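Chemist: Quick one: sequence plus predicted model below, questions after.
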There are 2 protein chains.
Amino acid sequence: MSAPISHDMRDGLREHRRKLTRPRQAILDIIASADHHLTPAAIHKRARKKYPHLGLVTVYRTLDLLTELGYVQRVHFDDGCHSYIAAPHGHAHHLVCSTCGKAQEFSDCDLDALIATLQRKTGFEISVHMLELMGRCPACAASQKALTRQARSQ
Amino acid sequence: MSAPISHDMRDGLREHRRKLTRPRQAILDIIASADHHLTPAAIHKRARKKYPHLGLVTVYRTLDLLTELGYVQRVHFDDGCHSYIAAPHGHAHHLVCSTCGKAQEFSDCDLDALIATLQRKTGFEISVHMLELMGRCPACAASQKALTRQARSQ
DNA sequence: TTCCAACTGAAAATGTTTTTCATTTAGAAA
DNA sequence: TTTCTAAATGAAAAACATTTTCAGTTGGAA
């Protein structure tokens, strides 16, 4: 069992001489406890319940900071990339449900062979990769199947 | 040797009963002949040289259409996703130079084993994946090395 | 030719992100 | 504790990106 991410983020701030303010705490709590990706606007809306004075600009600034420190990642979709999600401090990818937005982490992406081959073939020096998988989470898949069954039986 | 992508795009439009207008031709030519990813604004600027009356809205609309037909893909970076690039009609990924933007296509992404394992472990039904590799193209790597050598010898 | 769905540009609306600036605050140092 | 300052804040405005609306135009099938 790993320590809560919000603890890590607090430690990370301290290490980088950054302050742990009330607005930031509110934002951290939302991000750390969400298992879905969230837009800056959505984070702002939720965090305001704990700290009503919070400005949207601070959300953007905090997301930038946490991204830089590696605790938060932007989530990319074909049709828009305005969402963020917590990540462990280190290399990780997400598996995202395209129906409900639920995300699951995984770290063993295993692209070394592919990258080596491409480097050899193309001469590019590959330093970064972005991998994202999308599909239906177990819950959404189940309710979809239930719906189909129901429709067929009518 | 494959046929020019712009031909494919023209055919694709015809198949879908969409018109091949002058504004669209100008946009198609820019996209098909670029080996770099381009933002809508950049496409607009370039295409205006061929068709000065062209509106930016039409660029957005044409990009939407070509994306839907599968001839164009959005390029994703950690810090912004406002660029587009031509893709063969079908599954493909890009290897992008983070210095100059040059892009190279590849299609053999070989993720089947990873996807199968994750499906089994998580219960997700994975239907889509996004993979993007970034690094330095041969030319940029070479000029970087030349710079470093020069700096060292001073 | 005719005709109409598809397409267009301009303008305005909407949405997202960044900048600026005067004020406040966390937390290290005294 | 109190003092002090770099870091952080919110509000407003600016900048940038994207979509909608609408009246007029056009490609290409009939």
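Modeler: Thanks, I have the structure now.
Chemist: In three-state terms, label the residue nearest to residue A:6 when sequence neighbours are not counted for me.
Modeler: By the measure of CB to CB, 6 or more residues apart in numbering or on different chains, the closest residue to residue A:6 outside its immediate chain neighbours is residue A:32, 3.7 Å from it. All C-beta atoms are positioned from the backbone trio N, CA, C, and that covers glycine. Secondary structure assignment for residue A:32 (DSSP: H, G, I helix; E, B strand; the rest coil): helix.
Chemist: hmm, the helix or strand hosting residue A:64 in reach of DNA strand D?
Modeler: Assessed by DSSP states H and E, residue A:64 sits inside helix A:56-69. Yes. Counting by CB under 7 Å from any atom of the strand, contacts between helix A:56-69 and DNA strand D involve A:57-58, A:61-62, A:65.
Chemist: Tell me, how many residues neighbour residue A:47?
Modeler: Using other CB atoms under 10 Å in any protein chain shown, residue A:47 is surrounded by 24 other residues.
Chemist: typo on my end, residue A:27
Modeler: Taking other CB under 10 Å as the neighbour definition, residue A:27 ends up with a count of 28.
Chemist: need the contact list for it.
Modeler: A:43, A:47, A:54, A:58-59, A:62-63 (CB atoms under 8 Å, 6 or more residues apart in numbering or on different chains).
Chemist: cutoff 7 Å now
Modeler: Residues counted as contacts of residue A:27 (CB atoms under 7 Å, 6 or more residues apart in numbering or on different chains) are A:43, A:47, A:59, A:62.
Chemist: want to throw the residues you listed into TSV with pLDDT and distance to residue B:70?
Modeler: Formatted as TSV, the entries for those read as follows, by pLDDT from 0 to 100; distance: CB to CB, whole Å:
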residue	pLDDT	distance to residue B:70
A:43	98	33
A:47	98	39
A:59	98	35
A:62	98	38
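Chemist: what about residue A:135, helix or strand, and which?
Modeler: Assessed by DSSP H and E, residue A:135 sits inside strand A:125-136.
Chemist: any idea of the mean pLDDT for that strand?
Modeler: The pLDDT scores in strand A:125-136 average 95.
Chemist: CA atoms of whichever helix or strand comes after that strand as PDB?
Modeler: Towards the C-terminus, the helix or strand next in line after strand A:125-136, according to DSSP H and E, is helix A:138-152. This file holds the C-alpha atoms of helix A:138-152, laid out as PDB (Å, rounded to 0.1, in the frame of the first residue of the first chain):
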ATOM      1  CA  PRO A 138     -15.700  -2.800 -16.300                       C
ATOM      2  CA  ALA A 139     -18.600  -0.900 -14.800                       C
ATOM      3  CA  CYS A 140     -19.500   1.000 -18.100                       C
ATOM      4  CA  ALA A 141     -19.000  -2.200 -20.100                       C
ATOM      5  CA  ALA A 142     -21.400  -4.000 -17.800                       C
ATOM      6  CA  SER A 143     -24.100  -1.400 -18.000                       C
ATOM      7  CA  GLN A 144     -23.800  -1.200 -21.700                       C
ATOM      8  CA  LYS A 145     -24.300  -4.900 -22.000                       C
ATOM      9  CA  ALA A 146     -27.300  -4.700 -19.700                       C
ATOM     10  CA  LEU A 147     -28.900  -2.000 -21.900                       C
ATOM     11  CA  THR A 148     -28.300  -4.100 -25.100                       C
ATOM     12  CA  ARG A 149     -29.900  -7.100 -23.500                       C
ATOM     13  CA  GLN A 150     -32.900  -5.100 -22.400                       C
ATOM     14  CA  ALA A 151     -33.300  -3.600 -25.800                       C
ATOM     15  CA  ARG A 152     -33.200  -7.000 -27.500                       C
END
